[in-house]
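Participant: Attaching a predicted model along with its sequence, questions to come.
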There are 2 protein chains.
Amino acid sequence: MIKVGLLGYGTVGGGVYNILTTKKEDIERKLGEEIQIKKILVKEKDKMRKYGVDASLLTVDYKEIVEDPEIQIVVELIGGETPTLDYIKEAINRNKNVVTANKLILAKYGREIFQLAKNNNVKVYYEGSVGGGIPIIKTLKESMIANKIERIYGILNGTTNYILTQMTEKSINFEEALKEAQSLGYAENEPYFDVSGLDSAYKINILSSLAFESFIDVDSIHVEGIEKIEREDIEIAEELGYIIKLLAIGKRYEDKMLDIRVHPTFIPKSSPLSKINGVYNVVQIHGDAVGDIMIYGQGAGEMPTASAVVADIMEAAKSIKYHIENEYSTGRLNGLKLIETDEIENSFYIRLRVNDKPGVFAKIAKVFGDNEVSIASVIQKHRLNPVVPIFLQTHLIKERKLKKAIDSLNELEDVIEIKNIIRVEDFGEKF
Amino acid sequence: MIKVGLLGYGTVGGGVYNILTTKKEDIERKLGEEIQIKKILVKEKDKMRKYGVDASLLTVDYKEIVEDPEIQIVVELIGGETPTLDYIKEAINRNKNVVTANKLILAKYGREIFQLAKNNNVKVYYEGSVGGGIPIIKTLKESMIANKIERIYGILNGTTNYILTQMTEKSINFEEALKEAQSLGYAENEPYFDVSGLDSAYKINILSSLAFESFIDVDSIHVEGIEKIEREDIEIAEELGYIIKLLAIGKRYEDKMLDIRVHPTFIPKSSPLSKINGVYNVVQIHGDAVGDIMIYGQGAGEMPTASAVVADIMEAAKSIKYHIENEYSTGRLNGLKLIETDEIENSFYIRLRVNDKPGVFAKIAKVFGDNEVSIASVIQKHRLNPVVPIFLQTHLIKERKLKKAIDSLNELEDVIEIKNIIRVEDFGEKF
């Protein structure tokens, strides 16, 4: 019998308890070993709790779990950084295997935690931290083990994907879509962490550290949120054959560096990624042997995440039972560094408002030409107003050059405002 | 060091050799153990072979592999049934673990092979048998271990998906699309196995046996191919908001039976499955905890399949190294039986040609009504000819009732021909 301690009995914790109790027999049969929940850490002992959890399991003292020598697996489902990081470290230091769905801690302290686990000869499992129930960690770690991972594209945040989907399908603006998402429980009352792209940045950092065997400081990743996207951007995207998604990207760059970023992105309508709508998440990975693999599913929620956490618990139990030392993930680190965004090549969409005067466009074109930014397409509309919008798409250029061109554009008298700049990702010519 | 014998050095065999040799160091680091190819079975020893394979490894005698006590993993990549089945059984009887991508043998003799493996305390790995490099077996077996699998939908055959995609996108007919697929190497010169749906049936049978823990006789699965699909069907599908795909289905039916079948299917354009085009494969699985997961990738080819086979070899090596007994798959069998197709409820699309006379449609409507088949929509076109096509879509009805209605229709004087009957799958209201 393998004994487990749960830290936290919130949404996911309840789901894990539910699965481990209702499917007890099935789990034992598949694993060849019984899994028993010995203790559950909660904030208050006397609250009513779902799934009729056995009250004698509850404790308000985390030490009853991390210091219990019988408990071999600690499942952390409290979330957040404090005091969770300390609990996790203490559990590892006491030679317990850890299962967690905590993207914050893994993205920020992954290097420290995995090193600590290695030193203590235990393992850390984290399938639930990215993409809810989508089996992305296992796929990277095991199924694609024979591959050099070249790149990862992900739609990793359900809230922003829901908002962008609503904006696209219903032609509503960001504020309306956010309000709707909040009323449906798809967005928090305090939506900054999701809407700003930070949540996606934490998740792509976790995937990248595994895929490229390099830890990157999550604060150094370039992140843009979806707050600035307007209906006009979505409509022009549509006209040009694109959909706007909040894309998380992790790529090798010339084999020596990594290009990791999160930002709203024009992606071609022909790409399967463009069809992933609502709160669904998706990850597309390119391995040198297997080519593209795409996995999609519910990126959050009680049961999807609990499904991933229970699979991790069983993996941990198997590892304990058979004394498995090596889980394919304890190798050397490549130590690849993040490339400066200035050096990254992209095609850009630019929306600006200009005075509708003869010769204005010639001046704009000259600025781009002078800065070696070549224009792929231009759309000009509503010629009746004194101020007109112009939409441009550039060919592939380094971000540094674009910035210089934008600086010069801002100096032109008849350029009133540069409303938005959005990167375009064509995924090569594939699809 | 763990020694491996390869049976076969064709497309996939070459890919496996290539990965195991070029990534030797990386594999050893990740596994904590060296993997060495000791022997490779070929038909002729003196042929030139790709990847500069070491000639001293080649043998034309399979006994040099299956009887070598040093070889712990036999990798079968010959394909077909004879003599492969004997080789596999002999390897298992000599206590070797087997890795295979042979869908034919697993779909037809799975029960026998897994029982034999259990008796000999070895394991059989088969990720490469379904969906090439798509990690579908591992996802079902491990990532979804906390789930009761409710249903599986798959586009599991690249040849037919390529043909249907071309027919849809280019408005060409089946024969033209098949020729094109053959000229590009996406279809065999003898395309029957793919085009008839048999290949898909073998694959869905493998997935179902794992997901539902029940072995079904593959010959009893209802299979229809794509040969009868005409441009007119595709155009009407489009008009009604559907795409035609060769869908492989495996479902629980009222918890006691299984509904497994392969046939061309109308699927809604809004479904992500409808966007999987060309030679790509996709599997969508519904688990009671995780909800829907969809995995897509290259369903065949040298390197994608080799990627899956090498992951299996490493899994087998890990299992040997740590003496892992239970791989989540040796449990009891549920023994669910296949439901008769007559009992399955579907919505059907029906295309028929009738004489353009007053009252014909009323007669047709009466036949359906008399047989309790309710019509959801009707499209009638080209009213200039004496013979006109009619397209009908029924509501959900049992197949038995539809058959009776069709029999009665055939007796109507003005019904010239029932050209095609295609099932419609709306996946509930999801998407």
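Facilitator: Nice, thanks for sending it over. From a predicted model like this one, the values you see are computed outputs, not experimental measurements.
Participant: Low-confidence ranges, the stretch 201-350 of chain A, go.
Facilitator: Along the stretch 201-350 of chain A, the parts satisfying pLDDT under 70 run over A:326-332.
Participant: Break down it into its strands, ranges please.
Facilitator: Ranges of strands within the stretch 201-350 of chain A are A:222-223, A:242-253, A:257-268, A:280-287, A:291-298, A:337-338, A:345-355, based on DSSP state E, counting those that start in this stretch.
Participant: Sheet-wise, list the partners of the second one with their directions.
Facilitator: So that's strand A:242-253. The sheet places strand A:242-253 alongside strand A:149-155 (antiparallel), strand A:257-268 (antiparallel), with pairing taken from DSSP bridges.
Participant: Could you dump these into a markdown table and include distance to B:E345?
Facilitator: C-beta coordinates here come from the backbone N, C-alpha and C atoms, glycine included. Output for those, formatted as a markdown table (distance: least, CB to CB, whole Å):
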| stretch | distance to B:E345 |
| --- | --- |
| strand A:149-155 | 34 |
| strand A:257-268 | 38 |
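Participant: With mean neighbour count as extra columns, can I get the ones you listed in a markdown table?
Facilitator: Formatted as a markdown table, the strands paired with strand A:242-253 follow (neighbours: other CB atoms under 10 Å in any protein chain shown):
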| stretch | mean neighbour count |
| --- | --- |
| strand A:149-155 | 23 |
| strand A:257-268 | 23 |
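Participant: Can you tell me which of these is nearest to B:T160?
Facilitator: Nearest of the strands paired with strand A:242-253 to B:T160, taken as CB to CB: strand A:257-268 at 25.2 Å.
Participant: what angle separates that closest one from strand A:345-355?
Facilitator: Orientation check (axes from the mean of the first three to the mean of the last three CA atoms, to 10 degrees): strand A:257-268 against strand A:345-355 gives 50 degrees.
Participant: For strand A:257-268, output the C-alpha coordinates as CSV.
Facilitator: What follows is strand A:257-268 as a C-alpha-only set of coordinates in CSV (Å, rounded to 0.1, in the frame of the first residue of the first chain):
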residue,chain,number,x,y,z
MET,A,257,19.4,29.9,-28.2
LEU,A,258,15.7,29.8,-27.3
ASP,A,259,13.0,32.0,-28.6
ILE,A,260,10.2,32.0,-26.0
ARG,A,261,7.3,34.4,-26.0
VAL,A,262,3.6,35.0,-25.6
HIS,A,263,1.6,37.5,-27.6
PRO,A,264,-1.5,37.9,-29.6
THR,A,265,-0.8,36.4,-33.0
PHE,A,266,-2.3,36.3,-36.5
ILE,A,267,-2.5,32.6,-37.3
PRO,A,268,-3.7,31.3,-40.7
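Participant: if we can go back for a sec, now distance to A:V124 too, for the strands of the stretch 201-350 of chain A, in TSV please.
Facilitator: Shown next, in TSV, are these (distance: least, CB to CB, whole Å):
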stretch	distance to A:V124
strand A:222-223	25
strand A:242-253	20
strand A:257-268	21
strand A:280-287	20
strand A:291-298	22
strand A:337-338	23
strand A:345-355	35
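Participant: right, and these - which one's nearest A:E33?
Facilitator: Closest approach to A:E33 among the strands of the stretch 201-350 of chain A is made by strand A:291-298 (27.7 Å; CB to CB).
Participant: what about that closest one, near chain B?
Facilitator: Yes. Contact check for strand A:291-298 against chain B, using CB under 8 Å from any CB of the partner chain: residues in range are A:G291, A:D292, A:I293, A:M294, A:I295, A:Y296, A:G297, A:Q298.
Participant: From B:V309, how far off is the fifth one?
Facilitator: Taking CB to CB, to the nearest Å as the measure, A:I295 falls 20 Å from B:V309.
Participant: out of these two, which sits in the busier spot?
Facilitator: B:V309 (31 against 25; other CB atoms under 10 Å in any protein chain shown).
Participant: Quick one: neighbours of the residue nearest to that one when sequence neighbours are not counted, just the number.
Facilitator: Counting by CB to CB, 6 or more residues apart in numbering or on different chains, the nearest residue to B:V309 once its immediate chain neighbours are dropped is B:G128, at 4.6 Å. Around B:G128 there are 30 other residues, counting by other CB under 10 Å.
Participant: List the residues that contact A:I236.
Facilitator: A:I236 makes contact with A:Y349, A:R351, A:I379, A:F391, according to CB atoms under 8 Å, 6 or more residues apart in numbering or on different chains.
Participant: Pull out the buried residues from these.
Facilitator: Buried subset of the contacts of A:I236 (neighbour count, 16 or more other CB atoms under 10 Å in any protein chain shown): A:Y349, A:R351, A:F391.
Participant: need the residues of the stretch 101-250 of chain A near chain B, please.
Facilitator: For the stretch 101-250 of chain A, the residues found near chain B under the criterion CB under 8 Å from any CB are A:127, A:132-135, A:138-139, A:142-147.
Participant: Mind checking which of those land in helices?
Facilitator: Among those, the members falling in helices (DSSP state H) are A:K138.
Participant: Next secondary structure element downstream of the helix or strand containing A:I65?
Facilitator: Secondary-structure element containing A:I65, defined by DSSP states H and E: helix A:63-66. Next helix or strand after helix A:63-66 toward the C-terminus (DSSP H and E): strand A:71-76.
Participant: Next SSE downstream of that following strand?
Facilitator: Downstream of strand A:71-76, the first helix or strand assigned by DSSP H and E is helix A:84-93.
Participant: by contact count, what packs against that following helix?
Facilitator: Judged by 3 or more CB pairs under 8 Å, 6 or more residues apart in numbering or on different chains; DSSP states H and E, the packing partners of helix A:84-93 are helix A:63-66, strand A:71-76, strand A:97-100, helix A:103-119.
Participant: list the buried ones in that helix?
Facilitator: Neighbour-count burial for helix A:84-93 [16+ other CB under 10 Å]: A:T84, A:L85, A:Y87, A:I88, A:K89, A:E90, A:A91, A:I92.
Participant: go on, stretch A:116-135?
Facilitator: For stretch A:116-135, the buried set under the neighbour-count rule, 16+ other CB under 10 Å, comprises A:116-117, A:120, A:122-135.
Participant: before we move on, the earlier item: of the residues of strand A:291-298 next to chain B, just the buried ones, ChimeraX syntax please.
Facilitator: A single ChimeraX command suffices to select whichever of these are buried according to 16+ other CB under 10 Å:
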select /A:291,292,293,294,295,296,297,298
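Participant: roughly how far apart are the residue nearest to A:N121 when sequence neighbours are not counted and A:A316?
Facilitator: Nearest residue to A:N121 in three dimensions, chain neighbours excluded: A:N95, at 7.0 Å (CB to CB, 6+ apart). In this view, A:N95 and A:A316 are 13 Å apart by CB to CB.
Participant: if we can go back for a sec, and of the strands paired with strand A:242-253, who's closest to A:G278?
Facilitator: Among the strands paired with strand A:242-253, the nearest to A:G278 by CB to CB is strand A:149-155 (10.5 Å).
Participant: could you dump the closest one to PDB, C-alpha only?
Facilitator: C-alpha atoms of strand A:149-155 as PDB (Å, rounded to 0.1, in the frame of the first residue of the first chain):
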ATOM      1  CA  ILE A 149      12.000  19.000 -30.000                       C
ATOM      2  CA  GLU A 150      12.300  21.900 -32.400                       C
ATOM      3  CA  ARG A 151       9.300  24.000 -31.400                       C
ATOM      4  CA  ILE A 152       6.200  24.300 -29.400                       C
ATOM      5  CA  TYR A 153       3.100  26.400 -30.100                       C
ATOM      6  CA  GLY A 154       0.400  26.500 -27.500                       C
ATOM      7  CA  ILE A 155      -3.000  28.100 -26.800                       C
END
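Participant: which element follows that strand toward the C-terminus?
Facilitator: With elements assigned by DSSP H and E, the helix or strand that comes after strand A:149-155 is helix A:158-170.
Participant: Need the distance between the two termini of stretch A:286-301.
Facilitator: Using CA to CA, to the nearest Å, one end of stretch A:286-301 lies 27 Å from the other.
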